[in-house]
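1. Take a look and give me a structure for this.
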Amino acid sequence: MYKVMAVNAGSSSLKFKLYEMPEEKALTSGICERIGHDDGIFTIRDKEGNKVTKVLPIKDHSVAVELVINGLLEHHIIESLDEIKGIGHRIVQGGPYFSDSAIFGEDGDTEKKIESLIPLAPLHNGPHLIGYRAFKKALPNVGQIAVFDTSFHQTMEEADYLYPIDPEYYEKYQLRRYGAHGTSHRYLSEIAQHKYLHDKEDSRIITLHIGSGASLCAIKDGKCVLTSMGLTPLGGIMMGTRTGDMDPSVFNYLVSKTGRSAEEIFQEFNKKSGLLGVSGISNDTRDIEAAYHKGDKRAILAIKMWALKLSQFIASYACRLGRVDIIVWSAGIGENAPFYRQAVIDECAEFMGLKLDKKLNESTIGKEGVISSKDSSIPMVVIPTDEEIMIARDTVRLLKL
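-> Next up, the predicted model:
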């Protein structure tokens, strides 16, 4: 038995989960929040599963890593650092370079390529590297790998990942559809293929990773055919704070009419649009649902728009696949919000013949289960996603543990 850690470093946070392998037993998880502040927050689960939280200065990611390591030892989750044999890092953007996870080798090639892709994921790739370097300094003899959100989508065909503009922009600037949430979509498709389709050949699956950030994936025979997010996570369906796909001229029109900078409008499209922008209430679907039931017009409009966008994507992905064997719901909304699942299916039920079982849908919250009725044209299931276990598995595979 040995231990591997899955890490997701953000600009001011560092999430982690420690596994005992090969049993895939989760030993602990936690997060360092408000990195860079005097009132940083460190949370870890002890051996009994209780949350232990400290508020203290967390100067930088190196301090955060020290807190994680000391926390593992202090709570006797490990007795020695030698027990940790590998660390896997979530990396949002792998560009065209990575169709699989990759080892952070001595030559620095993986690190350099991730760094070169910072312009495509400025909020993510930089902090991911900071996390990697902090762990490398603290545990220099432990192998580390990068697990990319984009690698699962590298099987898309040119016609699906290129944009209808001069190909020179792709050749010069690597401008194309990359997608995101690939680790989640891969996990969901593997569970669906094995457990619900019984490893049948010629499988066609639509996976819905629907949280505040959301994406769809059309998967044939275990490989991504099409995904909804684009060059960045701003593309695709309407989300918690993101616009999703929209007429590009809206951007130029708003810049010219408002006198605001392109960067200001871009940030608004990313952080103040979607469900938040339309409802004027929140990006939390629970708040919007509560307002909806009270008759708030903007909340009603926001949910209608969101459901329409998602249903249209589902229908178009079914067209792209030719047929669909199963639809998988997952992530924060997909796993926990029967009301929103029903709102989406209501919009495409007549055309696609989709039907939810009311009792099953309403009782399937935060757990796996079938939610479609027996006479639905396509089975639908909820599968809680687990990106961390995929990171742990790839760590074991690539480091040959």
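
2. which residue ranges form the strands in this structure?
-> 2-9, 13-21, 25-33, 37-45, 51-58, 84-91, 102-103, 143-148, 204-210, 214-220, 223-227, 326-330, 369-370, 380-382 (DSSP state E).

3. neighbouring contacts of the last one?
-> Residues external to strand 380-382 that are found in contact with it (CB atoms under 8 Å, 6 or more residues apart in numbering): 192, 196, 326-330, 334-335, 345, 354, 356, 364, 367-372. Every C-beta, even on glycine, is put in place using the N, C-alpha and C of the backbone.

4. Mind giving me the ChimeraX select for those residues, buried ones only?
-> The ChimeraX selection below is limited to those of those classed as buried (16 or more other CB atoms under 10 Å):
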select :192,196,326,327,328,329,330,334,335,345,354,356,364,370,371,372
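
5. OK, contacts around the closest residue to Leu216 other than its chain neighbours?
-> Closest residue in space to Leu216, ignoring its immediate chain neighbours: Ser228 at 4.5 Å, by CB to CB, 6 or more residues apart in numbering. Contacts for Ser228 were tallied using CB under 8 Å, 6+ apart; they are 179, 214-217, 235-237, 244, 313.

6. possible to save the strands of the chain as a markdown table with mean pLDDT and distance to Arg298?
-> Compiled in a markdown table, the strands of the chain are given as follows (pLDDT from 0 to 100; distance: least, CB to CB, whole Å):
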| stretch | mean pLDDT | distance to Arg298 |
| --- | --- | --- |
| strand 2-9 | 92 | 33 |
| strand 13-21 | 92 | 31 |
| strand 25-33 | 93 | 31 |
| strand 37-45 | 92 | 33 |
| strand 51-58 | 92 | 36 |
| strand 84-91 | 94 | 35 |
| strand 102-103 | 96 | 45 |
| strand 143-148 | 95 | 37 |
| strand 204-210 | 97 | 21 |
| strand 214-220 | 96 | 20 |
| strand 223-227 | 97 | 30 |
| strand 326-330 | 97 | 26 |
| strand 369-370 | 96 | 33 |
| strand 380-382 | 97 | 29 |
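
7. how about the helices in the stretch 151-300 of the chain?
-> 158-161, 168-173, 182-191, 249-258, 262-271, 274-279, 285-293, 297-321 (DSSP state H, counting those that start in this stretch).

8. so for the last one, what's the average pLDDT?
-> In this case it means helix 297-321. When pLDDT is averaged over helix 297-321, the result is 96.

9. Please apply the same query to the second one.
-> In this model, helix 168-173 carries a mean pLDDT of 93.

10. Could you export that helix as PDB, CA atoms only?
-> C-alpha atoms of helix 168-173 as PDB (Å, rounded to 0.1, in the frame of the first residue of the first chain):
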ATOM      1  CA  GLU A 168      -3.800  30.900 -40.100                       C
ATOM      2  CA  TYR A 169      -5.100  32.000 -36.700                       C
ATOM      3  CA  TYR A 170      -4.900  28.300 -35.600                       C
ATOM      4  CA  GLU A 171      -1.500  27.900 -37.100                       C
ATOM      5  CA  LYS A 172       0.000  31.000 -35.600                       C
ATOM      6  CA  TYR A 173      -1.900  31.300 -32.300                       C
END
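
11. mind listing what's buried in that helix?
-> Tyr170.

12. Equivalent analysis for the fourth one, please.
-> Residues of helix 249-258 classed as buried under the neighbour-count rule (16+ other CB under 10 Å) are 254-255.

13. same check, this time on the first one
-> Residues of helix 158-161 classed as buried under the neighbour-count rule (16+ other CB under 10 Å) are 160-161.

14. And the furthest pair within the contacts of Ser228?
-> Within those, Cys217 and Gly244 form the most distant pair, 15.2 Å apart (CB to CB).

15. who has more neighbours, those two?
-> Cys217 (29 against 24; other CB atoms under 10 Å).

16. ok, what's across the strand from the more buried one?
-> Thr207, Thr227 (DSSP bridges).

17. wait, doesn't it sit right on Thr207?
-> Yes: Cys217 is within contact range of Thr207, at 4.8 Å (criterion: CB atoms under 8 Å).

18. so what sits against both of these two?
-> Contacts common to Cys217 and Thr207, judged by CB under 8 Å, 6+ apart, are 185, 189.

19. just to revisit the earlier point, of the helices of the stretch 151-300 of the chain, which is nearest Arg45?
-> Using CB to CB, these put helix 182-191 closest to Arg45, at 21.7 Å.

20. doesn't Ser273 make contact with Thr243?
-> Yes: contact criterion CB under 8 Å: Thr243 and Ser273 qualify, at 4.4 Å.

21. where does the nearest residue to Ser261 once chain neighbours are set aside sit relative to Arg90, distance-wise?
-> Spatially, and ignoring its direct neighbours in sequence, Ser261 is nearest to Val255 (7.3 Å; CB to CB, 6+ apart). Distance, Val255 to Arg90, by CB to CB, to the nearest Å: 33 Å.

22. Kindly report the same for Glu368.
-> 23 Å.

23. Val4: how many residues sit nearby?
-> When neighbours are counted by other CB under 10 Å, Val4 registers 27.

24. I should have written Val52 there, sorry.
-> Val52: 14 neighbours (other CB under 10 Å).

25. Tell me how far it lies from His61.
-> The value you get for Val52 to His61, if CB to CB is used, is 21 Å.

26. Over to Pro140?
-> Pro140 sits 16 Å away from His61, going by CB to CB.

27. Compare the two (neighbour count), which wins?
-> More crowded of Pro140 and His61, by other CB under 10 Å: His61, with 26 against 7.

28. is it true that that one touches Gly131?
-> Yes: if you go by CB under 8 Å, His61 and Gly131 touch, sitting 5.7 Å apart.

29. Met380 and Leu321, how far apart?
-> Distance, Met380 to Leu321, using CB to CB: 15 Å.

30. Tyr187 too?
-> On the measure of CB to CB, Tyr187 and Leu321 end up 19 Å apart.

31. Could you do Tyr170 as well?
-> The gap separating Tyr170 from Leu321 is 25 Å, by CB to CB.

32. Figure out which of the helices of the stretch 151-300 of the chain is closest to Gly94.
-> Once the helices of the stretch 151-300 of the chain are compared by CB to CB, helix 182-191 is nearest, at 8.8 Å.
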